[in-house]
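S.K.: how would this look folded up:
(one chain, ligands or ions: 1)
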Amino acid sequence: MAIHSPESRIWWNEPVARGELVWVAIAFVWGLIMFFMMIYWHIYGKQNLSAVVGRVDPEVYVGKVEAFTEKYKVREEGETGIPVAKPEAGGDAYMVARTFEWWPVLELEKGKSYKLHLSSADLQHGFSLQPTNINIQVHPGLEHVVTVTPNESGTFGVVCNEYCGLGHHVMGGRIYVVEPGQGG
Ligand code: CUA
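M.R.: Below is the predicted model:
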(Lines give C-alpha, C1' and ligand atoms only; values in the text may rest on other atoms or scores of the structure.)
Protein backbone atom coordinates (compact mmCIF):
# COMPACT_ATOMS: atom_id res chain seq x y z
CA MET A 1 0.00 0.00 0.00
CA ALA A 2 1.33 3.43 -0.91
CA ILE A 3 1.51 6.22 1.64
CA HIS A 4 0.63 8.91 -0.89
CA SER A 5 -2.05 8.73 -3.54
CA PRO A 6 -0.67 8.14 -7.04
CA GLU A 7 -0.05 11.30 -9.06
CA SER A 8 -2.33 10.19 -11.81
CA ARG A 9 -5.49 8.58 -10.52
CA ILE A 10 -5.93 6.21 -13.45
CA TRP A 11 -2.34 4.95 -13.15
CA TRP A 12 -3.11 1.51 -14.57
CA ASN A 13 -4.44 2.59 -17.91
CA GLU A 14 -1.32 4.17 -19.45
CA PRO A 15 -0.42 3.27 -23.02
CA VAL A 16 2.13 0.44 -23.11
CA ALA A 17 5.47 1.45 -24.57
CA ARG A 18 6.25 -0.10 -27.91
CA GLY A 19 9.46 -1.70 -26.70
CA GLU A 20 7.58 -3.40 -23.91
CA LEU A 21 4.99 -4.80 -26.31
CA VAL A 22 7.77 -6.17 -28.48
CA TRP A 23 9.28 -7.97 -25.48
CA VAL A 24 5.91 -9.38 -24.41
CA ALA A 25 5.44 -10.71 -27.97
CA ILE A 26 8.93 -12.22 -28.03
CA ALA A 27 8.40 -13.90 -24.65
CA PHE A 28 5.04 -15.28 -25.78
CA VAL A 29 6.40 -16.69 -29.03
CA TRP A 30 9.43 -18.15 -27.21
CA GLY A 31 7.06 -19.80 -24.70
CA LEU A 32 5.14 -21.36 -27.57
CA ILE A 33 8.36 -22.61 -29.19
CA MET A 34 9.55 -24.18 -25.93
CA PHE A 35 6.13 -25.78 -25.45
CA PHE A 36 6.36 -27.58 -28.77
CA MET A 37 10.02 -28.40 -28.18
CA MET A 38 8.94 -30.50 -25.18
CA ILE A 39 7.14 -32.79 -27.60
CA TYR A 40 10.00 -32.64 -30.12
CA TRP A 41 12.61 -33.50 -27.46
CA HIS A 42 10.54 -36.36 -26.17
CA ILE A 43 10.66 -38.00 -29.61
CA TYR A 44 14.07 -36.94 -30.92
CA GLY A 45 16.00 -35.86 -27.84
CA LYS A 46 17.94 -38.07 -25.48
CA GLN A 47 16.98 -36.35 -22.27
CA ASN A 48 13.45 -37.58 -21.72
CA LEU A 49 12.67 -41.08 -20.54
CA SER A 50 10.04 -43.00 -22.43
CA ALA A 51 8.47 -44.39 -19.31
CA VAL A 52 5.31 -46.44 -19.29
CA VAL A 53 3.31 -45.62 -16.22
CA GLY A 54 0.62 -47.87 -14.87
CA ARG A 55 -1.37 -48.00 -11.67
CA VAL A 56 -0.24 -50.37 -8.96
CA ASP A 57 -1.23 -50.91 -5.36
CA PRO A 58 1.82 -49.88 -3.25
CA GLU A 59 1.61 -53.07 -1.17
CA VAL A 60 1.45 -55.23 -4.27
CA TYR A 61 4.44 -53.36 -5.68
CA VAL A 62 6.49 -53.88 -2.50
CA GLY A 63 5.63 -57.59 -2.73
CA LYS A 64 6.95 -57.71 -6.30
CA VAL A 65 10.19 -55.97 -5.30
CA GLU A 66 10.69 -58.36 -2.39
CA ALA A 67 10.09 -61.42 -4.56
CA PHE A 68 12.50 -60.04 -7.18
CA THR A 69 15.16 -59.32 -4.54
CA GLU A 70 14.77 -62.75 -2.97
CA LYS A 71 15.23 -64.40 -6.37
CA TYR A 72 18.20 -62.41 -7.64
CA LYS A 73 20.11 -61.52 -4.47
CA VAL A 74 23.87 -62.05 -4.89
CA ARG A 75 25.14 -60.49 -1.65
CA GLU A 76 24.45 -58.02 1.13
CA GLU A 77 26.28 -54.80 1.72
CA GLY A 78 27.23 -52.31 4.39
CA GLU A 79 26.13 -51.95 7.97
CA THR A 80 22.48 -52.20 7.04
CA GLY A 81 22.99 -55.44 5.08
CA ILE A 82 21.07 -54.04 2.11
CA PRO A 83 20.70 -56.76 -0.52
CA VAL A 84 22.28 -56.44 -3.95
CA ALA A 85 20.16 -57.97 -6.72
CA LYS A 86 21.56 -58.94 -10.09
CA PRO A 87 18.70 -59.45 -12.58
CA GLU A 88 19.00 -61.41 -15.82
CA ALA A 89 20.01 -59.42 -18.87
CA GLY A 90 16.91 -58.51 -20.83
CA GLY A 91 14.76 -59.06 -17.78
CA ASP A 92 12.97 -56.96 -15.22
CA ALA A 93 14.68 -55.08 -12.42
CA TYR A 94 12.79 -53.56 -9.50
CA MET A 95 13.51 -50.78 -7.06
CA VAL A 96 11.21 -49.29 -4.46
CA ALA A 97 11.48 -45.88 -2.83
CA ARG A 98 10.44 -45.59 0.79
CA THR A 99 11.36 -43.42 3.75
CA PHE A 100 14.34 -43.15 3.57
CA GLU A 101 16.01 -45.45 1.05
CA TRP A 102 15.97 -46.87 -2.45
CA TRP A 103 15.80 -50.64 -2.11
CA PRO A 104 17.49 -52.95 -3.14
CA VAL A 105 20.87 -52.13 -4.68
CA LEU A 106 21.03 -53.30 -8.31
CA GLU A 107 23.91 -54.78 -10.24
CA LEU A 108 23.52 -54.55 -14.02
CA GLU A 109 25.77 -55.55 -16.90
CA LYS A 110 27.12 -52.99 -19.31
CA GLY A 111 25.56 -53.11 -22.76
CA LYS A 112 22.57 -55.23 -21.66
CA SER A 113 19.02 -53.92 -21.55
CA TYR A 114 16.74 -54.13 -18.55
CA LYS A 115 13.20 -53.11 -17.82
CA LEU A 116 13.63 -51.01 -14.72
CA HIS A 117 10.51 -50.73 -12.56
CA LEU A 118 10.30 -47.81 -10.13
CA SER A 119 7.61 -46.90 -7.65
CA SER A 120 7.15 -45.71 -4.10
CA ALA A 121 5.80 -47.51 -1.06
CA ASP A 122 4.71 -44.43 0.87
CA LEU A 123 5.32 -40.82 -0.24
CA GLN A 124 6.49 -38.91 -3.25
CA HIS A 125 10.20 -39.50 -3.79
CA GLY A 126 12.68 -38.71 -6.51
CA PHE A 127 14.87 -40.91 -8.68
CA SER A 128 17.88 -38.90 -9.73
CA LEU A 129 20.59 -41.05 -11.25
CA GLN A 130 24.06 -39.62 -10.64
CA PRO A 131 26.07 -38.55 -12.53
CA THR A 132 23.66 -38.89 -15.47
CA ASN A 133 20.98 -36.41 -16.43
CA ILE A 134 18.01 -38.55 -15.36
CA ASN A 135 15.62 -37.26 -12.75
CA ILE A 136 12.03 -38.38 -12.29
CA GLN A 137 9.32 -38.09 -9.67
CA VAL A 138 8.13 -41.32 -8.14
CA HIS A 139 4.70 -41.62 -6.55
CA PRO A 140 3.03 -44.39 -4.57
CA GLY A 141 0.43 -46.09 -6.76
CA LEU A 142 2.17 -45.31 -10.07
CA GLU A 143 4.74 -47.62 -11.62
CA HIS A 144 7.38 -46.45 -14.06
CA VAL A 145 8.86 -49.03 -16.39
CA VAL A 146 11.96 -47.61 -18.04
CA THR A 147 14.08 -49.54 -20.51
CA VAL A 148 17.69 -48.91 -19.61
CA THR A 149 20.88 -50.00 -21.35
CA PRO A 150 23.88 -48.94 -19.28
CA ASN A 151 26.73 -47.88 -21.57
CA GLU A 152 29.31 -47.20 -18.86
CA SER A 153 30.51 -49.33 -16.00
CA GLY A 154 30.90 -47.97 -12.50
CA THR A 155 28.92 -47.08 -9.43
CA PHE A 156 25.91 -44.86 -9.92
CA GLY A 157 24.23 -43.12 -7.05
CA VAL A 158 20.50 -42.62 -6.79
CA VAL A 159 19.52 -39.43 -5.00
CA CYS A 160 16.03 -38.56 -3.80
CA ASN A 161 15.30 -35.19 -5.32
CA GLU A 162 11.80 -34.66 -3.95
CA TYR A 163 11.47 -33.47 -0.38
CA CYS A 164 9.97 -36.38 1.57
CA GLY A 165 10.59 -35.70 5.25
CA LEU A 166 13.26 -35.57 7.92
CA GLY A 167 15.46 -38.20 6.30
CA HIS A 168 15.20 -36.76 2.78
CA HIS A 169 18.78 -35.49 2.74
CA VAL A 170 20.18 -38.96 3.47
CA MET A 171 17.86 -40.86 1.12
CA GLY A 172 19.71 -42.56 -1.67
CA GLY A 173 20.46 -45.81 -3.40
CA ARG A 174 23.02 -47.45 -5.66
CA ILE A 175 23.24 -49.13 -9.03
CA TYR A 176 26.41 -50.94 -10.02
CA VAL A 177 27.20 -51.45 -13.68
CA VAL A 178 29.76 -54.19 -14.27
CA GLU A 179 31.43 -55.60 -17.37
CA PRO A 180 29.50 -58.57 -18.81
CA GLY A 181 30.25 -61.78 -16.93
CA GLN A 182 31.72 -59.97 -13.94
CA GLY A 183 30.39 -59.08 -10.52
CA GLY A 184 27.82 -61.24 -8.78
CU1 CUA B 1 12.71 -39.48 -0.56
CU2 CUA B 1 13.30 -37.18 -0.52
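S.K.: Would you map the strands across this protein?
M.R.: Counting by DSSP state E, the chain has strands at residues 52-55, 73-77, 82-85, 92-98, 101-103, 105-109, 114-120, 125-130, 134-138, 142-148, 154-159, 172-178.
S.K.: To Ile33, which of those lies closest?
M.R.: Ile33 lies closest, by Cβ to Cβ, to one member of the strands of the chain: strand 134-138, at 23.2 Å. (C-beta placed from N, C-alpha, C; glycine too.)
S.K.: Can you give me the buried ones in that closest one?
M.R.: 136, 138 (16 or more other Cβ atoms under 10 Å).
S.K.: Check which helices and strands it is in contact with.
M.R.: Counting contacts by 3 or more Cβ pairs under 8 Å, 6 or more residues apart in numbering; DSSP states H and E, strand 134-138 is packed against strand 114-120, strand 125-130.
S.K.: now for this structure, which residue lies nearest the mean position of the chain?
M.R.: Ile136 (1.9 Å; Cα atoms, centre = their mean).
S.K.: Tell me how many other residues surround the nearest residue to that one once chain neighbours are set aside.
M.R.: When the adjacent residues along the chain are set aside, Ile136 lies closest to Phe127, with 5.1 Å between them (Cβ to Cβ, 6 or more residues apart in numbering). For Phe127, the neighbour count with other Cβ atoms under 10 Å is 25.
S.K.: Thought Phe156 was touching Phe127, still the case?
M.R.: No: here Phe127 lies out of contact with Phe156, judged by Cβ atoms under 8 Å, at a distance of 11.3 Å.
S.K.: Within range of the ligand, give me the residues from this protein.
M.R.: Applying Cβ under 6 Å from any ligand atom, we find that the chain lies next to the ligand at 100, 125-126, 160, 162-164, 168, 171.
S.K.: Closest one of these to Lys71?
M.R.: His125 (24.1 Å).
S.K.: surely that closest one meets Val138?
M.R.: Yes: with contacts counted by Cβ under 8 Å, His125 reaches Val138, the gap being 4.9 Å.
S.K.: circling back: most tightly packed of the helices and strands packed on strand 134-138?
M.R.: Across these, averaging neighbours per residue (mean count of other Cβ atoms under 10 Å) puts strand 114-120 on top, at a mean of 23.
S.K.: Could you check how far Glu77 is from the ligand?
M.R.: 20 Å (Cβ to the nearest ligand atom, to the nearest Å).
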